[in-house]
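# predicted coordinates and the sequence they were generated for:
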There are 2 protein chains.
Amino acid sequence: MKLLIVDDEANIRRVVREYAEFEGYETDEAADGMEAVNKAKANDYDIIIMDIMMPRLDGFSACKEIRKQKDTPVIMLSARGEEYDKLFGFELGIDDYVVKPFSPKELMARIKAVCKRGESAQQTPARLRFEGLEVDMAGREVYVNGEKANMTPKEYDLFFYLVKNQNIALTRDKLLEEVWGYDFFGDDRTVDTHIKMLRNSLGEYRKFIVTLRGMGYKFEA
Amino acid sequence: MKLLIVDDEANIRRVVREYAEFEGYETDEAADGMEAVNKAKANDYDIIIMDIMMPRLDGFSACKEIRKQKDTPVIMLSARGEEYDKLFGFELGIDDYVVKPFSPKELMARIKAVCKRGESAQQTPARLRFEGLEVDMAGREVYVNGEKANMTPKEYDLFFYLVKNQNIALTRDKLLEEVWGYDFFGDDRTVDTHIKMLRNSLGEYRKFIVTLRGMGYKFEA
DNA sequence: AATATATGTGAAAAATTTGTGAAATCTGTG
DNA sequence: CACAGATTTCACAAATTTTTCACATATATT
């Protein structure tokens, strides 16, 4: 779990960092909105803790900018009395507010709550469409140009896993572990054979299954 | 969608109200259990968000009182550390707990989940028809081409569960858990035998019961 | 260009999964 | 306690899937 702490006061950053690291989070810091945007775009944080009032770029604007590229959950810090428009924050996808002076324990509780939510709520929808390729995970069906593809169990499992992790590079080992299970001790190349069958089942939409030479595969939408 | 917010702290009510209204809910407020009971009995809310610790009448007692007349779903708010007996809450039909301090977004996520749950439960009508196959869940009867099918209890349970979840892939484990109960520790294949009997009972309409190789079954309408 | 490495693919062997009939077990009832 | 019906387990055949392997093809490295 990686956490970005954004505040212009080094003291606040220090307190939050100490608590977070005690809880086992990896932390990174930024002293203003500009720096936050750069770091947030360059790294994959699991959550961002950000002050609203900062030099150079305020928290809301920074969040707006980050949102253009990433969907990282954000908890905003605001000083008591600062009457910020919460609705505006909600539109930006702010996940929570904590009012200064805050108790570090409360902040940590909220961080945990947000992280937990992200885990369960970040599911891919059950039905997806890529051009003429329809994917119904709930119904365990795939349609190629309206015609039902008849796939084998492993094909479905493999395909749904690829789709759920679309645009993410997956090694053969990762696929074996996630689709076959941790207790599979067979050959790497088994994956290749299943990719082959899957590609045949997908017909013209085999193009979505991309080979990453020296690595593995990915579903690229 | 109408929502009743019950808490003695005006601040909490305000935050919840703002978020809820942004999401398009109509809101109403009550500052204690007494007021909550009166409002809940007089109006038809879709969901009630209620604090446990309140003056005059606590959340549990209020819920109990409301339950005498209405079945409105309730999400309880409890302060961290308040060790209330969750089982007692579930007896009263509490739908969820949120521990303070909560993130408003998390609360909204849970509200949505509870509302959705209510919808889907009410969504399957008691009587359905698939070609010459009539399904009367309320009356616990099934007609095949007008003729009453004589099924065993488990057949009815299994069939109605499949129909309620039509077009959704169901594993044997899921079926065992939902139809047989979480405390069934028997063989997976028991499901197969019942599917076999069910198919025989359905005659020509056995076609609706689809085998999902490597997975389980589904009712495909 | 030659060599090494990685991936695509067809076919056969090995393993798994499902349908089904029948036997065993359980349950409620008179 | 015996009975009938319901439920569960079991075993085996049939169908299907998975895996492995060998070789062809493609890509990278020296």
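In hand now; what should we look at?
# over to A:R140: give its phi and psi.
Dihedral pair for A:R140: phi 60, psi 50, per degrees, to the nearest 10.
# hmm, I was thinking of A:M151
According to degrees, to the nearest 10, A:M151 has phi -110, psi 160.
# that one and DNA strand C, how far apart?
From A:M151 across to DNA strand C, the span is 14 Å (C-beta to the nearest atom of the strand, to the nearest Å). The way it works is simple: take the backbone N, C-alpha and C, and place the C-beta from them, glycine included.
# confidence score at A:T124?
At A:T124 the predicted local confidence, pLDDT, stands at 65.
# the top helix by length along chain A packs against which elements?
As assigned by DSSP state H, the longest helix anywhere in chain A is helix A:104-121. Using 3 or more C-beta pairs under 8 Å, 6 or more residues apart in numbering or on different chains; DSSP states H and E, the elements in contact with helix A:104-121 are helix A:10-22, strand A:47-51, strand A:74-79, strand A:94-100, helix B:104-123.
# so which residues on chain A come close to DNA strand D?
A:152-155, A:180, A:184, A:186-187, A:189-190, A:193-194, A:213-214 (C-beta under 7 Å from any atom of the strand).
# domain ranges for chain A?
With domains defined by automatic domain parsing, chain A comprises A:2-121, A:127-219.
# turn the residues of chain A next to DNA strand D into JSON lines, including neighbour count and secondary structure.
Converted to JSON lines, these look like this (neighbours: other C-beta atoms under 10 Å in any protein chain shown; DSSP: H, G, I helix; E, B strand; the rest coil):
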{"residue": "A:T152", "neighbour count": "14", "secondary structure": "coil"}
{"residue": "A:P153", "neighbour count": "12", "secondary structure": "helix"}
{"residue": "A:K154", "neighbour count": "17", "secondary structure": "helix"}
{"residue": "A:E155", "neighbour count": "21", "secondary structure": "helix"}
{"residue": "A:W180", "neighbour count": "17", "secondary structure": "helix"}
{"residue": "A:F184", "neighbour count": "11", "secondary structure": "coil"}
{"residue": "A:G186", "neighbour count": "9", "secondary structure": "coil"}
{"residue": "A:D187", "neighbour count": "11", "secondary structure": "coil"}
{"residue": "A:R189", "neighbour count": "9", "secondary structure": "coil"}
{"residue": "A:T190", "neighbour count": "15", "secondary structure": "helix"}
{"residue": "A:T193", "neighbour count": "11", "secondary structure": "helix"}
{"residue": "A:H194", "neighbour count": "19", "secondary structure": "helix"}
{"residue": "A:R213", "neighbour count": "5", "secondary structure": "coil"}
{"residue": "A:G214", "neighbour count": "6", "secondary structure": "coil"}
